[in-house]
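[1] I'll drop the sequence and a predicted model, then ask my questions.
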Amino acid sequence: MNNYILAHRMCNKDKNQMTAFDFMLSKNDSIAKDYIERVNALYNDGKGLISKSKFEMLMCRGEEIPSDFVERMKKDTQYITKEAVKMLKSVCENTYTTSGQITDFLREKWGLKETLQEINIDKYRAIGLVDSKEIKDKEGHLKSIEVIHEWSKRDDHRHHAIDALICALTDQKIIFKLNNLNKLYQYERNLLSVEERTAIENALSDELNPNRKFDIKSFAELSDTLINEPMPDLRKQARDHLDKIFISIKKSSKVMSKNVNTPKGGEPQTTWVPRGRLHEATVMGRVKRIADKKVKLNDKFNQLENIVNPDLKAYLKQYISKFNNDMKTAFDSKLLKKKPLLYKGKELKELAVYEYACTKRVEISDKVTSAQLDKIVDKKIQKVIQSRLDDSHGKIKEAFSNLKDNPIWLNKEKGIQIKSFTVYDESKVEQVRTGYAKTGNNHHALIYRTEDGKFKDKVISFWEAVEIGKFNIAQTGFPYPIINRADDHLLGQFHFSMQINDLFVFDLKHAENPKEENEINFLDPNNRSLISSKLFRLQKLSKGSSGQFIVDFRHHLETTVLRSDPNLVGLAWNRISSNDHINRLTKIRINQLGDILKIGE
C-alpha cells in the first residue's frame, strides 16, 4: 500500500498522471510548503505514522521514478532460470544451460533463421503481401529473395519451438567449440586498434548490409569456423514438424474459489469468492424514453403498461378483459388475421412503447468516440458539439484537444461551458447499489441447433456464471459445473459451448471414412498440416444490443491480437457475425503436447 494515496474525486481527476509531490508543487508556494511540512511531520525521522518507503513515495518527483524495470526483470529471469535448473537436475543430472547469443548464432549457422517465413510465404504470396529483397549468398553473389511484408518471427508462436530444437541439439562439444571461438575473437579483437576495427567493419559493410559490426558472427565467417549441422536434412525435418504443430493455450474455466477463514476463538467460515470482477466500475443511472422501434401486436406482446398513448392503453385493457386478461389469446396471430383489431378506424399492427435505458456521463476530450456523440441524450448539447466537430472537418482530436483555451460554450453570455455530456448505454446491465452497471466480460456462450437446422445462441456473462455457481452451491455444496450442456426446449438441441481460448477448425469436418470434399480424418497425423492452417482459437465473444452474436477468432499460431488487416482474414484472424456460419466450425480439444483429445463438445 506504500504507493497508494487517498484523494478526493476532483483532486484525483486534476492530479491525473502526476505524482502527489508534483501535483502539490503545481499549486501555489504556500500549499506546496504546507504539504512538505505535513509529510515530514507524519514521517518524523522514522518515528512517525508513516514508513520510510511511504515517505519516499510521497516526496518523489515523476522524473525520479526508477526506470530500471527491464534490469530488474532480467535479474528476476536469471533467478527463475537458476531455480528451474536446480529442479531439472533433481530429475536429470546432465542439465546444462545455454545463452540466447549462442542460440542466435546456431540458428543462423544451421539455416533455421528464416524457416518460419519459408513455411508461411505461400499463404502471404496469395494475398499479395510479399516483398522482394536482394541479398548476398555465401560466394558474395547478389540474388533476389521473397520476404513477407512487415514480418517478424515473433508473430508466430513456433519461434519458441525452433529455439527449443536448437537447445536440444546443442551439446557440450558445440559449447566447447564456441567458447574457443569466443576466446580467439576476444584475443584478436583486443589486438586491433579502433581504426583497424573500423576498417574491418567498413570492408564487411555494403549497400545491402550497412553498418555491420565486427562481432563474433562476422569473425566466424572470416575464420571459416565450421559448425556442422547435428543431423542430416535438419532444415527439411524442422519444417515438416513445425508445419504440424498445434499450439496449446490454457483455458481459464474457474469462476469461484473456496476460501476458509478461521477467526480467533470462532468456527471456520467457508466463503466462495468470484475469480474475476462481476461488473464494471461505472454505476449508471436509468431513464424512461420512447423506444425507436415500435412493438408488433402478436401473441408475444407483453408491454401493455409501457404503451405511450394512454387512450390506446385503456382501449386495449378493455379489449383484453373479454379474454379473461389473457394477452396470448387476445393477440393470437390467427385471431387478429380473421378479426383485425381496429382503433379509430385503423387496423392496429404495432405500438409505440416506453423503454428504460441506462445513461452515463462522458468527459469531453480527444478520446471520445463518434458512437458516443451519436448517443448524447440532450439534443441541444448534441447540436452544439456536432457544430464544433463540423468546424474541425469531423476530426475528433482536433475538435476536442485544447478545451482550456478554446472551450465549448452552451451559453457564452452566461459563461456556461460544456465539459461533459450524458449518453445512452444499451449494454447488458445488472442493478448494483443505487444504480446499474455493465456485467463486464462474457464467460461463455451456449450454441443450440433447432429441428430445422438453424443455430441459436445463449450468451452467459460472468455475473450470470457466478449466479449459476451460487445456485449449485445451495444444491450440492460445490459451484461446478457452470456450463449447462443439456438441451433447451425453447432453443433446441445442445451443439457445443464457446469459451475464450477454445479451439475451432474452420470449414473442415471430421470423418473416419471421408466421403465429402470438406471431410478429413482429424486423427490422421498426415492431416495435421491442413488442420493447422484452419485452426483458430476463440479470442472474444459478444452480443450487441440488437441481439447480433459476434465471435472473433485468432489463428492458433498468432502471438498478437493487433494484426487485424482485412487482407489477413482467414490467415491471422476470423470473425463470425451470423449464426448461419456456425456450421463452419468444428470444436476440438488438445492436450499440452498438441495432441487431439476430443472432437466436438
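    Received the coordinates, thanks. Numbers count the residues shown, from 1 in each chain.

[2] when you work out contacts or count neighbours from here on, use the C-alpha atoms and nothing else.
    Fine.

[3] for the closest residue to residue 376 other than its chain neighbours, give its distance to residue 378.
    Here the nearest residue to residue 376 in space, its sequence neighbours aside, is residue 423; by Cα to Cα, 6 or more residues apart in numbering that works out to 4.3 Å. From residue 423 over to residue 378 the distance is 8 Å, taken as Cα to Cα, to the nearest Å.

[4] same thing with residue 348?
    With distances defined as Cα to Cα, the gap from residue 348 to residue 378 amounts to 32 Å.

[5] tell me which of the two has more neighbours.
    Neighbours around residue 348 and residue 378, counted as other Cα atoms under 10 Å, are more numerous at residue 348. The numbers are 14 against 11.

[6] the more buried one reaches residue 339, doesn't it?
    No - Residue 348 is not in contact with residue 339 according to Cα atoms under 8 Å; the separation is 11.2 Å.

[7] ok, now which ones touch residue 271?
    Under the criterion of Cα atoms under 8 Å, 6 or more residues apart in numbering, the neighbours of residue 271 are 258-261.

[8] from the residues you listed, which ones fall inside helices?
    When those are checked against helices (DSSP state H), there are no matches.

[9] okay, now the unreliable bits of the chain?
    Along the chain, the parts satisfying pLDDT under 70 run over 1-3, 65-74, 135-141, 184-185, 187-189, 191-192, 194, 196-226, 545, 562-563.

[10] can you give me the helices for the stretch 351-500 of the chain?
    Counting by DSSP state H, counting those that start in this stretch, the segments of the stretch 351-500 of the chain that form helices are 370-374, 379-391, 396-399, 462-476.

[11] ok, which of these comes nearest residue 567?
    Across those, residue 567 has its closest neighbour in helix 370-374 (25.3 Å, Cα to Cα).

[12] need phi/psi at the residue sitting furthest away from the middle of the chain.
    Within the chain, the residue lying farthest from the chain centre (Cα atoms, centre = their mean) is residue 345, at 56.1 Å. Note on residue 345: its backbone torsions stand at phi 80, psi 0 [degrees, to the nearest 10].

[13] same question, the one 5 residues further on
    In this entry, residue 350 is assigned phi and psi values of phi -150, psi 160 (degrees, to the nearest 10).

[14] which residue packs closest to it, ignoring adjacent ones?
    residue 296 (4.2 Å).

[15] pull the number of nearby residues for the one you found.
    Counted by other Cα under 10 Å, the residues lying close to residue 296 total 13.

[16] wait, what's in contact with it?
    The neighbours of residue 296, taking Cα under 8 Å, 6+ apart as the test, are 349-351.

[17] could you rerun that using 10 Å?
    Residues in contact with residue 296 (Cα atoms under 10 Å, 6 or more residues apart in numbering) are 348-352.

[18] distance from stretch 234-241 to the middle of the chain?
    The gap between the average C-alpha position of stretch 234-241 and the chain average comes to 32 Å, counting by Cα atoms, centre = their mean, to the nearest Å.

[19] got the buried residues for it?
    The neighbour-count criterion (16 or more other Cα atoms under 10 Å) identifies 235, 238-239 as the buried residues of stretch 234-241.

[20] hmm, back to that, pipe the contacts of residue 271 into JSON lines and attach neighbour count and distance to residue 528 per row.
    Below are the contacts of residue 271 laid out as JSON lines (neighbours: other Cα atoms under 10 Å; distance: Cα to Cα, whole Å):
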{"residue": "258", "neighbour count": "12", "distance to residue 528": "40"}
{"residue": "259", "neighbour count": "11", "distance to residue 528": "43"}
{"residue": "260", "neighbour count": "10", "distance to residue 528": "46"}
{"residue": "261", "neighbour count": "12", "distance to residue 528": "49"}
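
[21] from the residues you listed, which is closest to residue 151?
    Nearest to residue 151, judged by Cα to Cα, of the contacts of residue 271 is residue 258 at 45.5 Å.

[22] ok, that closest one - contacts?
    Going by Cα under 10 Å, 6+ apart, residue 258 touches 270-274, 478-479.

[23] again with residue 432
    279, 283-284, 438.

[24] list buried residues within those residues.
    Here, 16+ other Cα under 10 Å leaves 279, 283-284, 438 buried among these.

[25] next, give me the two most distant ones among these.
    Within the buried ones among the contacts of residue 432, 279 and 284 form the most distant pair, 11.7 Å apart (Cα to Cα).

[26] joint contacts of those two?
    When contacts are counted by Cα under 10 Å, 6+ apart, residue 279 and residue 284 are jointly contacted by 429, 432, 436-438.

[27] mind putting the residues you listed into a markdown table with distance to residue 413?
    Shown next, in a markdown table, are these (distance: Cα to Cα, whole Å):
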| residue | distance to residue 413 |
| --- | --- |
| 429 | 40 |
| 432 | 41 |
| 436 | 37 |
| 437 | 38 |
| 438 | 39 |
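
[28] wait, what's in contact with residue 42?
    Residue 42 makes contact with 36, 48-51, 55 under the criterion Cα under 10 Å, 6+ apart.

[29] out of these, who's the most crowded?
    The most neighbours, when the contacts of residue 42 are compared by other Cα under 10 Å, belong to residue 55, which has 20 neighbours.

[30] looking at this, that one is in a strand?
    No - using DSSP: H, G, I helix; E, B strand; the rest coil, the assignment for residue 55 is helix, not a strand.

[31] quick one: the nearest residue to it once chain neighbours are set aside from residue 60, how far?
    Nearest residue to residue 55, sequence neighbours excluded (Cα to Cα, 6+ apart): residue 43, at 6.3 Å. As defined by Cα to Cα, residue 43 lies at a distance of 14 Å from residue 60.

[32] before we move on, what about residue 455?
    Using Cα to Cα, residue 455 is found at 59 Å from residue 60.

[33] and those two? which has more neighbours close in?
    Neighbours were tallied for residue 455 and for residue 60 using other Cα under 10 Å; the higher tally belongs to residue 455 (21 against 15).

[34] can you name the residues bridging to that one?
    Bridge pairing for residue 455 (DSSP bridges) gives the partners residue 449.

[35] is it in contact with residue 585, as I believe?
    No - counting by Cα atoms under 10 Å, no contact exists between residue 455 and residue 585, whose distance comes to 11.9 Å.

[36] what number of residues lie near residue 447?
    Close neighbours of residue 447, defined as other Cα under 10 Å, add up to 22.

[37] so what's it up against?
    455-459, 485, 487, 491-498, 579, 582.

[38] try it again at 7 Å.
    In this structure, residue 447 makes contact with 455-458, 494-497, judged by Cα atoms under 7 Å, 6 or more residues apart in numbering.

[39] how about the strands in the stretch 101-250 of the chain?
    Listed in chain order, the strands of the stretch 101-250 of the chain (DSSP state E, counting those that start in this stretch) span residues 130-136, 142-148.
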